[in-house]
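Novice: can you look at this prediction? I've put the sequence above it.
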Amino acid sequence: MASEIIKSLKVGFRRRWTAGFAKALSVAGAIWLVTSIAAKVSPTFDGAVVQNGHWYAAVVVFACLVRFVAHIYEVRSVSFAVPTTDSTISVRFGDLLAERTDWIIGVGEFFDSEVGHVVSKDSLHGKVIENVFNGDAQRFRKAVDAALVNFVGAYTQRGFEPKLKYEIGTTAVVENGPHKIYLVAMSHVDLQTAKASSTVPMLWDALRGALTSVTHFGNGAPLSLPLIGNGRSSVNIEPQHLLRLIVLALVDFGRKNSLPKIVNVIVPEGCFEMLDIREIQRDWKRR
């Protein structure tokens, strides 16, 4: 906890120290104005301020310091209402797999099940196989195949299984105890190198496909999704712009269709110094 506070202060100071200083000066100015008026009205008050000048100065400095810290402190979570809906979007740093909600997880167009060359053990896709399915690739494959039974895949000349690929936005809904995991195809996978790649339009289509499945199968249950597109299948844009895009996609879908009342965007700790989540909150609280 202490390390997080120190980190928030350091990052916030680097980003907002000039604005924080201006806020502190405005507090000092407000205090001076009030005390000046009071001193003109009440000679007794004026005398008390003069007699206790050191305490007066200490109060002013303390108030300015509090305002400075409050302004620069980099928060770890924000939330705002989706305009014209009853849904709330929260953005916070944490571990998606620790959330006791439904999840959206981005995967490649083949919905691969073998952790290693194709599915990185460090990706959320890989962690779902390892943590939720206890590393049992066959059980994961069976659950995914059952979820994709009503979708038509395209056969490829891939040198290993699976050889069926699915359209971007195709979503396999698998059970996770009382919750659901929405595995959405969001990237193309090279047939030879198995390298995943995605684009902004593909990410948009993937989110729409996943959110449509959430509408059909989620029953309004709380939903969490990661900074999708920031991993191995990166869309190659800055995390701040990626977060804006994800939030915009959520808001756009929520206005036209419906979202769960609670939607969480869980951002990895490694992006803390690259993301200004207060900026996202300010943008949408103005709407």
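Specialist: Great, that's in hand. Here the structure is a predicted model, which is why all the values come from computation and not from measurement.

Novice: distance of the residue located most distally from the centre of the chain relative to Val49?
Specialist: Note on the chain: the largest C-alpha distance from the chain mean falls to Pro43, namely 55.6 Å (Cα atoms, centre = their mean). The gap separating Pro43 from Val49 is 11 Å, by Cβ to Cβ, to the nearest Å. The way it works is simple: take the backbone N, C-alpha and C, and place the C-beta from them, glycine included.

Novice: do Ser36 as well
Specialist: In terms of Cβ to Cβ, Ser36 sits 10 Å off from Val49.

Novice: tell me which of these two has more neighbours.
Specialist: The neighbour comparison of Ser36 against Val49 (other Cβ atoms under 10 Å) goes to Val49, with 16 against 12.

Novice: pull the contacting residues for that one.
Specialist: Thr35, Ala39, Tyr56 (Cβ atoms under 8 Å, 6 or more residues apart in numbering).

Novice: my guess is the second one contacts Asp46. True?
Specialist: Yes - with contact defined as Cβ atoms under 8 Å, Ala39 and Asp46 form a contacting pair (3.7 Å).

Novice: how many residues are close by Asn219?
Specialist: 10.

Novice: which residue ranges of the stretch 101-250 of the chain form helices?
Specialist: For the stretch 101-250 of the chain, the helices defined by DSSP state H, counting those that start in this stretch occupy 124-127, 137-147, 200-217, 239-256.

Novice: wait, which of those is closest to Ile5?
Specialist: Relative to Ile5, the nearest member of the helices of the stretch 101-250 of the chain by Cβ to Cβ is helix 239-256, separated by 22.2 Å.

Novice: now do the buried residues in that closest one.
Specialist: Neighbour-count burial for helix 239-256 flags Pro239, Leu242, Leu243, Leu245, Ile246, Val247, Ala249, Leu250, Val251, Phe253, Gly254 (criterion: 16 or more other Cβ atoms under 10 Å).

Novice: could you single out the nearest of those to Pro83?
Specialist: Within the buried residues of helix 239-256, proximity to Pro83 (Cβ to Cβ) peaks at Val251, which comes in at 7.0 Å.

Novice: my guess is the closest one contacts Thr84. True?
Specialist: No - using Cβ under 8 Å, Val251 is not in contact with Thr84, being 9.6 Å away.
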